[in-house]
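Visitor: let me see the structure of the following:
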Amino acid sequence: MELKLDRLTKQFGAKIAVDRVSETLIPGVTGLLGANGAGKTTLMRMVCDVLRPTSGQILLDGTDAGTLGDEYRAMLGYLPQDFGYYPDFTALDFMRYMATLKGFGNRDGQIRSMELLEEVGLASDARRKIKTFSGGMKQRLGIAQAMINDPAILVLDEPTSGLDPKERVRFRNLIAGFAQDKIVILSTHIVSDVEFIAGRILVMNNGAFVMDGAPDQVVSQAAGKVWECHVEAGEAEHMSTLMTVANVRYSTDGRAVVRVVADDAPTVDAYNVEPTLEDLYLHVFSDADAR
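Guide: As a prediction, the model looks like this:
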């Protein structure tokens, strides 16, 4: 299976949100990184046929998604940033409702719904009303509904927002297993989530892809641009106002270790350290004027 984006463009008035994007996606997890306004959500909404492109095509195995119509949409699973739900529905009622929309019969819909609620850790809350759920529980329910039809293409926009660390680990394991023979597009600001499970990273800025590759290939582009230095605590605070500081570790003796992302050494005794995906993100977007 192959999903091809061919010169995909979306324009809102004078604003170009997605600018002639071309990529070919295959089964596995593709992480989509970008600052707010970089075009990620617009791109995913086009992939999910929620928005029509201004120009360009989305091709599934060589056939235009618009031509496939309902057949294409039946293969999709989508979790938007703010997914809609009925607050007075129980989790099970909501899942069964979504299953019905996807063509399941009553019995099969019940079985599939309970399977997914179990997988996201909500089986014991299946008969609670959604309005009583915490933000993290609602997000887990959103992940479950996106997977109800065992989609061939799963698109997740900020899926781990509101999840605690244990829930995020559960999510990553679930998606890693699910993506073995399916295309998963995962957009998030929590870079560790894609660093752990994505086989490919796309970095988006100003409506276009500016980096593309395996996580280690993408991270390597920040090599030589990540520094650590030992300074007085007061100087660490001053440095944070002047440069891109990724992290500060204070010690009890009034000193600090500062991690800086910069082309040049921030102090005379600074030394290079191995970059992470978070460092790469800061390197790309520290001065970005993303749209």
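
Visitor: drop to CA atoms for contacts and neighbour counts, all remaining ones
Guide: Will do.

Visitor: can you give me every residue that contacts the residue positioned nearest the centre of the chain?
Guide: Nearest to the geometric centre of the chain sits S187, at 1.7 Å (CA atoms, centre = their mean). Going by CA atoms under 8 Å, 6 or more residues apart in numbering, S187 touches 31-33, 40, 156-159.

Visitor: recalculate using a threshold of 6 Å.
Guide: Contact analysis of S187 by CA atoms under 6 Å, 6 or more residues apart in numbering lists 31-32, 157-158.

Visitor: what's the closest of the residues you listed to N206?
Guide: Nearest to N206 among these: L32, at 13.5 Å, using CA to CA.

Visitor: could I get the CA-only coordinates of the helix or strand hosting that closest one as PDB?
Guide: Under the criterion of DSSP states H and E, L32 resides in strand 28-33. Extracted as PDB, the C-alpha positions of strand 28-33 are listed here (Å, rounded to 0.1, in the frame of the first residue of the first chain):
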ATOM      1  CA  GLY A  28       4.700   2.300   9.400                       C
ATOM      2  CA  VAL A  29       4.600   5.300  11.700                       C
ATOM      3  CA  THR A  30       5.500   8.700  10.100                       C
ATOM      4  CA  GLY A  31       6.000  11.400  12.700                       C
ATOM      5  CA  LEU A  32       5.000  14.900  11.600                       C
ATOM      6  CA  LEU A  33       6.700  17.700  13.500                       C
END
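
Visitor: what strands line up against that strand, and which way round?
Guide: strand 183-187 (parallel), strand 200-205 (parallel) (DSSP bridges).

Visitor: what secondary structure does A176 sit in?
Guide: Counting by DSSP: H, G, I helix; E, B strand; the rest coil, the backbone at A176 sits in helix.

Visitor: ok, now the one 3 residues further on?
Guide: A179 falls in the helix class when you classify it by three-state DSSP.

Visitor: relative to M147, how far out is it?
Guide: As defined by CA to CA, to the nearest Å, A179 lies at a distance of 11 Å from M147.

Visitor: specify the beta-bridge partners of Q57.
Guide: D6.

Visitor: got the confidence number for it?
Guide: Note on Q57: pLDDT of 96.

Visitor: A288 too?
Guide: So, for A288, pLDDT stands at 48.

Visitor: how about the strand holding L32: buried residues?
Guide: Residues 28-33 are the ones in strand 28-33 that count as buried (16 or more other CA atoms under 10 Å).

Visitor: next helix or strand past that strand?
Guide: By DSSP H and E, the next helix or strand past strand 28-33 is helix 40-47.

Visitor: okay, the angle between that next one and strand 28-33?
Guide: 140 degrees (axes from the mean of the first three to the mean of the last three CA atoms, to 10 degrees).
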